[in-house]
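Student: please work out how this folds:
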Amino acid sequence: MPINRDTFMLKEVIIKEVKVPQKDISLTPMQSLSSKELFKIPSSSVADGIKAFSGVTIKDYGGVGGLKTIMVRSFGANHTGVFVDGVPLSDVATGQIDLGKISVDNIEDISLFLGQPINICQPARYYASASVICINSSIPNFSEKPISIKANLKMGSFGLINSSLFVKQKINLQNSCDFAINYMQSDGKYPFYIENGATNKTKYFRENSYIKSINADLGFVNYSKDSSSILKFKTYYYESDRGLPGAVVLYNSFASQSLQDENFFTSVQFAKKWINGFNAVSNIKYSNSYLHYRDPDYYNEDGKLNNYYTQNELYLSQAISKKIIDSLHCSFASDFFLNTLDANLYKYAEPTRYSYLNSLALKFNRYFFETYASLLSSIINEKTVNGESAKPANIITPSFALSIRPLKKSNIRLRFMYKNIFRMPTFNDLYYNLVGNNELKPEYAKQYNLGLLFNHKVKRTLYFSFKIDAFVNKVENKIIAVPTKNLFVWSMQNIGLVDVNGLDFQFQTIYETFDKISMSLACNYSFQNAFDITNSKSTTYKKQIPYIPFETFSGLFSFSYKHLSFGYNNLFNGFRYCLGENIYENLIHSSWIRDASLSYELKINKIKCNFKIEISNIFDKQYEVIKSFPMPGRTTNICIGINY
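Tutor: Numbering: from 1, shown residues only. Now for the predicted structure:
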């Protein structure tokens, strides 16, 4: 019988399977957003993305260019470390990173870790915070073409123009380079209302909320021939000029202060793996930050105020790890960083801080049992040009995490985490004129977390996960500002004790089919009691500390069919107080904010075009995050993106 040798072209069949996210099996509490998830949320910065995480509170002063800092589980922003591609960001003056500066246009994913990332080979600085935000830039796929180009343009309410360009070029099999530039401007003149009596409302427009900013970075990547090592070089520059909107008090919203800042850093990172189980990661970074604060209406002899601040940091890190046996790994890391701060203030201290961090970690993972333990040694010394410097610190802090799968055939996990950590007083805490106190001690924090995790797949297309974590945080020697001689002269003091008890609940389900349909729903709920227990005779005793809501909730729904995508985000912030006295006059009301986005992708040969419309605060809800700082109402943006 003859054999038919004709060739038949079979129709392509795409096999999909939902992958279990790392956050659903993590040893320590972890939350993350991928670039696809970020695309479905109306967001311009990292702060807009992570505000939906459970246990997270964003302190937002309003406007596109307003300062945006993070509090995690009632810890201040000073307790959260921020890393971009493994490089730490720092501000030794305030200890707080403005997340509004970091654009999401070129981000692969954002992760928030309670404790620290469970990576056995990482710098010691990862261990030096109560929580860590890790931001990873997108990585191009050079398998189809040697160049990747991405351009975005966003225009919208309140004079917003945001444009960006990203170019990544493959030089040869081992080398590639990349360039990125991002520009943003907005007049920030959004409307808000002030109640005048029981029924009347007066419309105002936000003043002095403008921003113009530009940032650019240049990178180079080299892989060894056997892919056992990687060398990364990056240089980054950011510049902005922004108005500082004031508090709206007694129907007066006038403000004239402004801020000009410039940030620069250059870094080199080298990572190497050996076949005998040795790993090494080296980091070198230099950064410089310049800040100019202007107040043309300041009441002094000159009738104005011009303050200049310059920071410098030199950072060196070496981490090594070794696989002892298949289930046991150990690591050691040593970091050194030098920080300086100079200002044009009269007899300013001009401090210099020397920080030495050394960490030792062990990780054991076998079958249904995983544990991680680390010890961090911190040695900090300071000197000043003028006045007395702060006392040196030599502190050892441990952390421990444990995860167990009690049932072999089930995806149920139990986890426990303990971490003892501290933060040094910032340079502003120690040396700022009149307010600073060079006798301050470090602020200590203890974290306890007990969690239950469950995930399950239904065939290959449906996946859902459930996580619940109960936590207790204790803060000692809390650094707060208190009045001294009178209500107009304040000083930083170590007098605070805070007890935090809370519950985080997270649920996610993902559905994907073979015909390009995908749906997902993610819900996060958090409850927190953060009580001041400093003085039993005080009116703030066992009262909620300022700006910590008792409850928060977020729900993100997304739907995609072929080239069309829709996203809907629902965010609830419960009531809270702006001061330690929990009375009605200090109350900030709760708010529900809804955002939505609709996008369409058109492919022309090798070029992908994205068209998206974003609507934030759909129902034009007036609300405040910071007392007397009104937030924008409904905002509409139109976005166009081109990928090659």
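Student: sheet partners, orientation included, of the helix or strand hosting residue 509?
Tutor: Residue 509 belongs to strand 489-512 when elements are defined using DSSP states H and E. Applying DSSP bridges, strand 489-512 is found paired with strand 462-486 (antiparallel), strand 517-532 (antiparallel).
Student: tell me if residue 406 really is in a helix.
Tutor: No - counting by DSSP: H, G, I helix; E, B strand; the rest coil, residue 406 falls outside a helix, being coil.
Student: what confidence value was assigned to it?
Tutor: pLDDT recorded at residue 406 is 90.
Student: pretty sure it contacts residue 414?
Tutor: Yes - the criterion here is CB atoms under 8 Å, and residue 406 meets it with residue 414 at 6.5 Å. Placement of C-beta: from N, CA and C, glycine included.
Student: who has more neighbours, these two?
Tutor: Just comparing residue 406 and residue 414: by other CB atoms under 10 Å the higher neighbour count belongs to residue 414, 13 against 9.
Student: next, count neighbours for the nearest residue to the more buried one once chain neighbours are set aside.
Tutor: Spatial nearest neighbour of residue 414, chain neighbours left out: residue 404 (5.0 Å); criterion: CB to CB, 6 or more residues apart in numbering. Applying other CB under 10 Å, we find 13 residues neighbouring residue 404.
Student: what does residue 364 give?
Tutor: Residues near residue 364, counting by other CB under 10 Å, number 16.
Student: what pairs with the helix or strand hosting residue 570, parallel or antiparallel?
Tutor: In this structure, residue 570 sits in strand 564-573 according to DSSP H and E. Its sheet considered, strand 564-573 pairs with strand 551-561 (antiparallel), strand 591-604 (antiparallel) by DSSP bridges.
Student: about what we covered before: just the CA trace of the strand holding residue 509, in CSV.
Tutor: The C-alpha trace of strand 489-512 is given here as CSV (Å, rounded to 0.1, in the frame of the first residue of the first chain):
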residue,chain,number,x,y,z
VAL,A,489,9.2,75.3,69.9
TRP,A,490,9.3,71.5,69.3
SER,A,491,12.0,68.9,69.6
MET,A,492,12.4,65.3,68.5
GLN,A,493,12.3,62.8,71.5
ASN,A,494,12.4,59.1,72.2
ILE,A,495,9.2,58.8,74.2
GLY,A,496,6.9,56.7,72.0
LEU,A,497,5.6,53.1,72.6
VAL,A,498,3.2,51.7,70.0
ASP,A,499,1.4,48.3,69.9
VAL,A,500,0.0,47.2,66.6
ASN,A,501,-2.4,44.3,66.1
GLY,A,502,-3.9,43.4,62.8
LEU,A,503,-5.2,41.0,60.2
ASP,A,504,-4.4,40.8,56.5
PHE,A,505,-6.7,38.9,54.2
GLN,A,506,-6.0,38.2,50.5
PHE,A,507,-7.9,36.4,47.8
GLN,A,508,-7.2,35.9,44.1
THR,A,509,-8.7,33.9,41.3
ILE,A,510,-7.4,33.7,37.7
TYR,A,511,-9.2,32.1,34.8
GLU,A,512,-7.6,31.6,31.4
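Student: show me how far that strand is from its chain's centre.
Tutor: 14 Å (CA atoms, centre = their mean, to the nearest Å).
Student: coming back round to it: name the residues that touch the strand holding residue 570?
Tutor: Identification of contacts with strand 564-573 by CB atoms under 8 Å, 6 or more residues apart in numbering yields 39-42, 51-52, 57, 549, 551-560, 590-601, 623, 625.
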